[in-house]
Structure formats: structure tokens, C-alpha cells
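Participant: kindly generate the corresponding structure for this input.
(one chain, ligands or ions: 1)
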Amino acid sequence: MESISVFDIFKIGVGPSSSHTLGPWKAAQLFINSLEADSFNRINIYLYGSLSKTGKGHATDKAIILGLLDFHAETIDSQEIPHIIASVEKSTHLKTKKGNIFFDPTLHIHFVDSFHNKHPNTLVFKASLEGEIIKEEVYASVGGGFVESDSLTRSSKKVSLPYPIETGQDLIGYTEQKTCAISDIVQLNERVFDTEENIEDKIDALLETMLECVYQGCMTEGVLPGGLNVQRRAKGLCHELTGKAEYSNRDEWIDAIKAAPQSFNQINKWISCFALAVNEQNASLSRVVTSPTNGAAGVIPAVLLYYFFFCDYAGKDSVRRFLFTAGEVGCLFKKGATISAAVGGCQAEIGVSSAMAAAGLTEVLGGSAKQALMASEIAMEHHLGLTCDPVGGLVQVPCIERNAMGAIKAITACNLALSGNPDTAIVKLDTVIKTMWDTAQDMNGKYKETSEGGLAFNLPVLMANC
Ligand code: SF4
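Facilitator: Residues are numbered from 1 along each chain as shown. Next comes the predicted model:
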């Protein structure tokens, strides 16, 4: 049984994609750190499948350079990224900690026009010395920034959790046995991975990153990078809702949101504003919380801030309870189906994030464990079959708006579950997870993050501009 921490599901990183940016970044770091110093003078990287088809738009090549230079996605100054990349491109050299080598991204990063048999998102790294390969490693970027390789499998240590969870039914069983909430069970498992104090710090860091990301998104205007000419909208929406265009700091912005009118339509617009803000930041390679992926990074902050601003916010501990419940639902989908759009389409990204947010919100609004999973089931049920068709291979259209839709569905699912009886619900979460997996396997490959179907296919003029 796989033991996943909720802090593997929620990771601080940079946009635009967890599987196409953060996964390859991590693979490059692992590879460079596995090499002996000065044992090589060339590195070639081969990108297969979805990584090849949408890697340019998803900044996979840039992520690989940053990984080979051993920058950490969690701590890098995202403003510096364009300068670092430009410097490597101009100098055609890579000053890695294991050696300074000739490296021209156009020559040494290969976008291979075929699929690798390991996974739809496969990268192969080859280090060589005077033309002779000295090390080769195959990595799969399996979604949410997770990577797999043979050497990782060999070196991985099994973690035993007090409450091993494979299914929704397991989780409900523990909450009934201990008469407690989902987040209490998750907390007990998390203590195996880290101390209470560190867990608190990590929750604080996640909330701070989400809040800052939304704030920055609401402060920034202009056109997103990539060539699609997508205008940022969060700032205009925020201005419309508060009547104020500029803020001197984040606290002033928070006070303005709290003081703004709160009709149904206005709150509905705020939810969209929060989601758009995150995904506009994500599309411009800024700092976001992967939750459970970057393309879907706006859903959970939008729902969490909906709770923070417009519900009976019960203090910082409720943020921990929200994120633990949501994170555990993300783990269930990763174990029982997939969180990779290259494997399951957008149901695996926006669908999963919506299901996670629905469960988190239900717990903090006083729902039972069964109602939290019922909300999660409802949210995913109405994302089943959702395809991934990013126009121009960029995480912008339809991705940015889709986060607003995922957030709204999560809130509706929560409200239905809070007013419903989970014991009489016809569909259970475990059934919808299995159905999502079956749907993923039946889905045509054109709709699995290849930009070969759907909107991406029907907007060829836009693609040509990218
Ligand atoms: S369409 Fe959905 S899954 Fe595909 S890149 Fe956009 S948000 Fe991610």
C-alpha cells in the first residue's frame, strides 16, 4: 500500500504544470545529483509523448535546465527564472555543481515524436563523456510533480502508517472506530512523516503561499506569456468588486474584500476572481501551491478563501482541517485512479481538485466524515470524462476558467452533501474513483494533454501564433 503524505499532494512550486514542469525539474535534479563530479561532458534529454507534444508550452525545457542547475522549485526566486534561462541559452554552457559543460537547449533537449512504453510522460537522461554514455536513467512524470524511476523504486523506503488508507471506505471505517473527523486520522498519519511543529509550519507556508498568490494575481494586469494573447482578468474583477484599483499592501486588500458587498452574485464573482488570480500567476511561471496539480492549482485556494472570507471562518486550525481532508481525498484519487492529465484527461486535474476542495469545505462547515466524502463524490461525478485540450500547449485556455468552474462545483457539492444523507446516496466515492479510472483508460489519447483534440484542435490559428 502506497503511503503518501498530504504534503506530497500540496507542494509549493512554480507554474505552469506539475507533470510537465515540476516533475521534469525534479527528475533533472535527481539525475544531476546522481552523477560523479566531472565524470561527463554532455547531457542529452529526450522527451516523449505528452511531454514532447506540449512541453514547449508547459516550459518543460526551462524546468529541466533549472533542475540540472539544482535550483529548488520551492525556494527559487521566480522573477529570476527568465534571466537564468537566458544566460544558459546565450552562453551555451551549464554550470552544474557536478561540472561546467557545453549545453545548448536546442541541441541537447530532444522533443521526440513518439510515446515511450514506460508512461505517457517519459523523460530519458543520458550523460556522456567523449561520446560514450556513462549514465542513463528513464523517469516518468506521473502527475502532481511526482516522478518514478527504477533507481527511485530501488532506494525507496516503506513507511508504515498507523491508519493505512487505500479507499474511502477505509477512511470512514477509522473515523467511525475512533469517533473522529477525517482530518484527525490524517493528522495521526502525518505524525509518522514529521513533527507536530513542522506540520504546523508547513500548513502556515501553504496558506501564506496561496494567499500571496491570489493577492499577486489580483494586483497584476496585462497579457500572459506564450503568444495566445490571453488577457489577465483577476485584477479587473477585483477592482469591479471592491471599487478600488490599487492597494498599498495585502492587509488593505483583505480589508477591502471583507468590506465589499456580499450578494450571491458578488460572492460568486469573488470565487472566480480567486481562481483566475492563481491560474494567471501559474501561467506566468510564478509561485503557486500544486494542489494536486498546477493546472488545477486555483480550485482549492478559491474554495478555501471562499470559506475564509464568506463563511464562519473558525481560525487557523480550520485551515489545517480543510487541507488535511482535501489532501487525503487527493491521495485516494492518486492511489485508486490518477492525478495525471496525460493519463486521465482534465477529470484527473480539475475533477480531482474539485473533489478535494468539496471534502475540505464540508469538514470545516461541520459536515460528518461521510458527508465530506459524499461531497467529494458529487464533485467528481460531474467532472467524469472531462478532457484535457490545452490550446497551443499552454496552461491557459481552457485551464484558467476551468478552475473557477471546479471551485463552484466544489461548493455546490458541499452544500448538497451538507443537506443530504450519505447513507442513502446511490453513488459512493470509491465507485466514482473506479469510474474515473475506467473512463481514463477508455479516453482517446487526443484528449490526454497532447493538444491534438478538442479546443486545441479547433483553434489552429491560435496554436500557430504560439
Ligand atoms: S485542460 Fe485541464 S488538465 Fe489539461 S492542462 Fe488545462 S487544466 Fe490541466
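
Participant: from here on, just use CA atoms for contacts and neighbour counts.
Facilitator: Will do.

Participant: get me the contact residues on the stretch 251-400 of the chain for the ligand.
Facilitator: Those residues of the stretch 251-400 of the chain that sit near the ligand, judged by Cα under 6 Å from any ligand atom, are 295-296, 341, 345-346, 349, 388-390, 395, 398-399.

Participant: buried subset of those?
Facilitator: The neighbour-count criterion (16 or more other Cα atoms under 10 Å) marks 295-296, 341, 345-346, 349, 388-390, 395, 399 among these as buried.

Participant: tell me which element the closest residue to the ligand within the stretch 151-300 of the chain is part of?
Facilitator: Per Cα to the nearest ligand atom, Gly295 is where the stretch 151-300 of the chain lies closest to the ligand, at 4.1 Å. If you go by DSSP states H and E, Gly295 is not part of any helix or strand.

Participant: my read is that it contacts Ser18, right?
Facilitator: Yes. Assessed by Cα atoms under 8 Å, Gly295 is found in contact with Ser18 at 7.4 Å.

Participant: Thr153: which element?
Facilitator: helix 150-155.

Participant: ok, and for that helix, which residues are buried?
Facilitator: Residues of helix 150-155 classed as buried: none (neighbour count, 16+ other Cα under 10 Å).

Participant: renumber starting at 126 from here on
Facilitator: Got it, the first residue is 126 from now on, which makes the last one we talked about helix 275-280.

Participant: could you identify the helix or strand that succeeds it?
Facilitator: Sequence order places helix 293-303 as the next helix or strand after helix 275-280, per DSSP H and E.

Participant: that following helix: how far from the chain's middle?
Facilitator: Remark: helix 293-303 is offset 27 Å from the chain centroid, using Cα atoms, centre = their mean, to the nearest Å.

Participant: ok, now stretch 260-275?
Facilitator: Distance, centroid of stretch 260-275 to centroid of chain: 17 Å (Cα atoms, centre = their mean).

Participant: ok, now stretch 177-197?
Facilitator: Worked out by Cα atoms, centre = their mean, stretch 177-197 lies 16 Å from the chain centre.

Participant: any residue of it touching the ligand?
Facilitator: No. Using Cα under 6 Å from any ligand atom, we find that stretch 177-197 stays clear of the ligand, coming within 8.6 Å at best.

Participant: would you map the helices across the stretch 176-325 of the chain?
Facilitator: Remark: helices assigned in the stretch 176-325 of the chain by DSSP state H, counting those that start in this stretch are 185-193, 206-216, 230-233, 275-280, 293-303, 307-318, 321-344.

Participant: deepest of those helices, which one?
Facilitator: Compared across the helices of the stretch 176-325 of the chain, helix 185-193 shows the largest average neighbour count, a mean of 25 (mean count of other Cα atoms under 10 Å).

Participant: could you find the closest non-adjacent residue to the residue most central in space within the chain?
Facilitator: Nearest to the mean C-alpha position of the chain, by Cα atoms, centre = their mean, lies Thr418 at 1.5 Å. Closest residue to Thr418 apart from its sequence neighbours, by Cα to Cα, 6 or more residues apart in numbering: Gly269 at 4.4 Å.

Participant: how is this protein carved up into domains?
Facilitator: 143-280, 293-590 (automatic domain parsing).

Participant: before we move on, the earlier item: now do the same contact list for the residue of the stretch 276-425 of the chain closest to the ligand.
Facilitator: 141-143, 404, 407, 474-475, 520, 524-525 (Cα atoms under 8 Å, 6 or more residues apart in numbering).

Participant: where does it land on pLDDT?
Facilitator: Predicted confidence (pLDDT) for Gly420: 97.

Participant: can you give me phi and psi for the residue nearest to Thr418?
Facilitator: phi 70, psi 20 (degrees, to the nearest 10).

Participant: what residue in the stretch 176-325 of the chain comes nearest to the ligand?
Facilitator: Minimum separation of the stretch 176-325 of the chain from the ligand (Cα to the nearest ligand atom) falls at His183, amounting to 8.6 Å.

Participant: how near is that residue to Gly140?
Facilitator: 8 Å (Cα to Cα, to the nearest Å).

Participant: can you give me the strands for the stretch 126-275 of the chain?
Facilitator: 136-139, 167-174, 218-221, 224-227, 234-236, 246-254, 257-268, 271-274 (DSSP state E, counting those that start in this stretch).

Participant: does the ligand have contacts with stretch 145-156?
Facilitator: No. Applying Cα under 6 Å from any ligand atom, one finds stretch 145-156 out of contact with the ligand, separated by at least 9.4 Å.

Participant: chain center to that stretch: distance?
Facilitator: 15 Å.

Participant: now swap in stretch 212-231 and tell me
Facilitator: Centre-to-centre, stretch 212-231 and its host chain are 29 Å apart (Cα atoms, centre = their mean).

Participant: equivalent analysis for stretch 353-373, please.
Facilitator: 24 Å.

Participant: same thing with stretch 511-525?
Facilitator: Counting by Cα atoms, centre = their mean, stretch 511-525 is centred 14 Å from the centre of its parent chain.

Participant: distance of the spatially closest residue to Ala535 that is not a sequence neighbour from Met344?
Facilitator: Nearest non-adjacent residue to Ala535, counting by Cα to Cα, 6+ apart: Ala483, 4.4 Å away. Here Ala483 is placed at a distance of 27 Å from Met344 (Cα to Cα).

Participant: same check on Met335?
Facilitator: 14 Å.

Participant: next one: Glu574
Facilitator: 30 Å.

Participant: re earlier: worst average pLDDT in the helices of the stretch 176-325 of the chain?
Facilitator: helix 275-280 (a mean of 87).

Participant: what's it in contact with?
Facilitator: By Cα under 8 Å, 6+ apart, helix 275-280 touches 263-264.

Participant: please repeat the previous calculation with a cut-off of 6 Å.
Facilitator: Contact with helix 275-280 is made by no outside residue, as judged by Cα atoms under 6 Å, 6 or more residues apart in numbering.

Participant: and stretch 206-225, by the same measure?
Facilitator: With Cα under 6 Å, 6+ apart as the criterion, stretch 206-225 contacts 162-163, 194, 226-229.

Participant: how far does that stretch sit from the chain's center?
Facilitator: The chain centroid and the centroid of stretch 206-225 are separated by 27 Å under Cα atoms, centre = their mean.

Participant: sorry, back to before: possible to save the buried ones among the residues of the stretch 376-525 of the chain next to the ligand as a markdown table with secondary structure?
Facilitator: Below are these laid out as a markdown table (DSSP: H, G, I helix; E, B strand; the rest coil):
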| residue | secondary structure |
| --- | --- |
| Gly420 | coil |
| Ala421 | coil |
| Ala466 | helix |
| Gly470 | coil |
| Cys471 | helix |
| Glu474 | coil |
| Cys513 | strand |
| Asp514 | coil |
| Pro515 | coil |
| Val520 | coil |
| Cys524 | helix |
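
Participant: tabulate the residues you listed (TSV), appending distance to Glu322.
Facilitator: Below are those laid out as TSV (distance: Cα to Cα, whole Å):
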residue	distance to Glu322
Gly420	30
Ala421	29
Ala466	34
Gly470	37
Cys471	36
Glu474	31
Cys513	39
Asp514	42
Pro515	40
Val520	36
Cys524	36
